[in-house]
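> Dropping a prediction and its sequence here:
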Amino acid sequence: MDPIYPFSYALLKGKLRGARRLAVLGAGSTLRADDAAGIRAVEQLQDSFAPDKYPELLCCAGETAPENFSGKIRRFRPSHLLVLDAADLGLPPGAVREIPVQCVGGPTYCSHMLPLRVMIDYLAGETGCAATLLGIQYQSLAFDGGMTAPVRDSVAALCAALGCVLRETWGVR
């Protein structure tokens, strides 16, 4: 599987084809440098897509307990779920790659309370949504550190590409 570096609009367009309702869930810790990548991406999307103008988009900053949003996402009934999280992909910092959900291990060290695979499988089963997990290669997980430049730039590129896809899908409002 090829990494998305700096980012691939085509992958997002393909994964979100036919999206009627999209839930975007950011996971990670804002206290650990690049682990905040998923959260910062959701915050940028919230700034660009006002809920009153785009009611078919639900953005959730799940932080270290993304499962706390499972009820909200289930009630939203998305056709598509996009989960964003920092990950060790063995790639250059800021690289983004789809991680097949079935390849995500069970209980292992991570900054989340519930393993993402369990939560994603649950939400996909409950809502019938197409689920995609994107990992963003971190450079630093230093405690109380800011995001590094490559990861910050990658998050911005990811949000720009996602914004283009969503505006093409739902129109500019």
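Thanks, I have the structure now.
> isn't residue 165 right up against residue 13?
Yes: Residue 165 is within contact range of residue 13, at 5.1 Å (criterion: CB atoms under 8 Å). Where C-beta positions appear, they are placed from N, C-alpha and C, glycine not excepted.
> quick one, which of the two is more surrounded?
Set residue 165 next to residue 13 and count neighbours by other CB atoms under 10 Å: residue 165 wins out with 21 against 15.
> List the contacts of that one.
For residue 165, the contact set (CB atoms under 8 Å, 6 or more residues apart in numbering) comprises 9, 12, 13, 16.
> now swap in residue 48 and tell me
159, 163.
> now do residue 50
With CB under 8 Å, 6+ apart, residue 50 has no contacts at all.
> now it, what's its secondary structure?
For residue 50, the assignment made with DSSP: H, G, I helix; E, B strand; the rest coil gives coil.
> ditto for residue 132
Put simply, residue 132 is strand when judged by three-state DSSP.
> Show the contacting residues for it.
15, 80, 81, 82, 83, 98 are the contacts of residue 132 under CB under 8 Å, 6+ apart.
> Return the member of the residues you listed nearest to residue 131.
residue 81 (4.5 Å; CB to CB).
> What residues are bridge-paired with that closest one?
In this entry, residue 81 is beta-bridged to residue 23, residue 131, by DSSP bridges.
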